[in-house]
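Asker: turn this into a structure:
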Amino acid sequence: GFDLYSRILKDAVRDLRARQGRADGAPARPYIDPEINIGFPAHIPAEYIPDVEERLILYRRMSELDSPDERIDIALEIEDRFGRMPDEVAALIELMALRALLRIAGVVSLTYRNQIAGFSFHPEARIDSKRLLDVVAASKQEIRISPAMVITARYGRELESPKELMEYLRDIFRNIGIWV
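Answerer: Model prediction:
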């Protein structure tokens, strides 16, 4: 009952904000649910939380993170309630924080394989094109833009976790003028 009401209310507020724009007069960011394919094992094992309903509630709450910083509270709550987290749960929390970061940045898709992150922005994302081209030019071929507007960024080694990938992308976003 209350969970459903809360979800409906949150959806309604998000839709209303999208229609009205932001308080500073800038147009609202479109709501983006990024497609992420990064290959890190991330889930809540049944051995850790046996109750299926409880796992589903946690999956939903994690998927609703509005900013990467909110991951800290949910991680503390999970450890408080269920004990030390397995690596897969910690990775899931970081993956959901990464999803929140991508939403804020306006990224619609992200892939990561073999030291290369590939991502693309929503057409309405506010990107400073000149800064992006300057970053690409200064990167010595480590960052490229395809004709399809997919940005690929090569990292110097294999990343170990969604958290490392999030920090790497956050640096790129900041360099191109997206403050996340």
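Asker: pLDDT weak spots in this protein?
Answerer: For the chain, the stretches with pLDDT under 70 are 1-9, 11-30.
Asker: could you pull out the helices for it?
Answerer: When assigned using DSSP state H, the helices of the chain occupy the ranges 2-20, 52-63, 71-82, 87-105, 129-138, 162-175.
Asker: for these, which one sits closest to I38?
Answerer: Closest to I38 of these, according to Cβ to Cβ: helix 162-175, at 6.4 Å. (Glycine included, C-beta is placed from N, CA and C.)
Asker: what's the burial count for R71?
Answerer: When neighbours are defined as other Cβ atoms under 10 Å, R71 has 22 of them.
Asker: for the closest residue in space to it that isn't next to it in sequence, which residues are in contact?
Answerer: Distance criterion Cβ to Cβ, 6 or more residues apart in numbering; nearest residue to R71, sequence neighbours excluded, is A97 at 4.0 Å. Contacts for A97 (Cβ atoms under 8 Å, 6 or more residues apart in numbering) come out as L65, P68, D69, E70, R71, P162, K163, M166.
Asker: re earlier: include distance to V150 when you put the helices of the chain into TSV, please.
Answerer: Rendered in TSV, the data for the helices of the chain read as follows (distance: least, Cβ to Cβ, whole Å):
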stretch	distance to V150
helix 2-20	26
helix 52-63	25
helix 71-82	27
helix 87-105	14
helix 129-138	12
helix 162-175	14
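Asker: and the ones you listed, which is most packed in?
Answerer: helix 87-105 (a mean of 22; mean count of other Cβ atoms under 10 Å).
Asker: so how far is that one off the chain centroid?
Answerer: Using Cα atoms, centre = their mean, to the nearest Å, the distance from the centre of helix 87-105 to the centre of the chain it belongs to is 5 Å.
Asker: can you check stretch 171-180 too?
Answerer: A distance of 14 Å separates the C-alpha centroid of stretch 171-180 from that of its chain, computed with Cα atoms, centre = their mean.
Asker: and it, C-alpha only, in PDB?
Answerer: Once non-C-alpha atoms are left out, stretch 171-180 reads as follows in PDB (Å, rounded to 0.1, in the frame of the first residue of the first chain):
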ATOM      1  CA  ASP A 171      36.300  12.800 -14.400                       C
ATOM      2  CA  ILE A 172      35.500  12.700 -18.100                       C
ATOM      3  CA  PHE A 173      32.100  14.400 -17.600                       C
ATOM      4  CA  ARG A 174      33.700  17.200 -15.500                       C
ATOM      5  CA  ASN A 175      36.300  17.800 -18.100                       C
ATOM      6  CA  ILE A 176      33.600  18.300 -20.700                       C
ATOM      7  CA  GLY A 177      31.700  20.600 -18.400                       C
ATOM      8  CA  ILE A 178      29.100  18.300 -16.900                       C
ATOM      9  CA  TRP A 179      29.200  18.700 -13.100                       C
ATOM     10  CA  VAL A 180      28.000  15.500 -11.500                       C
END
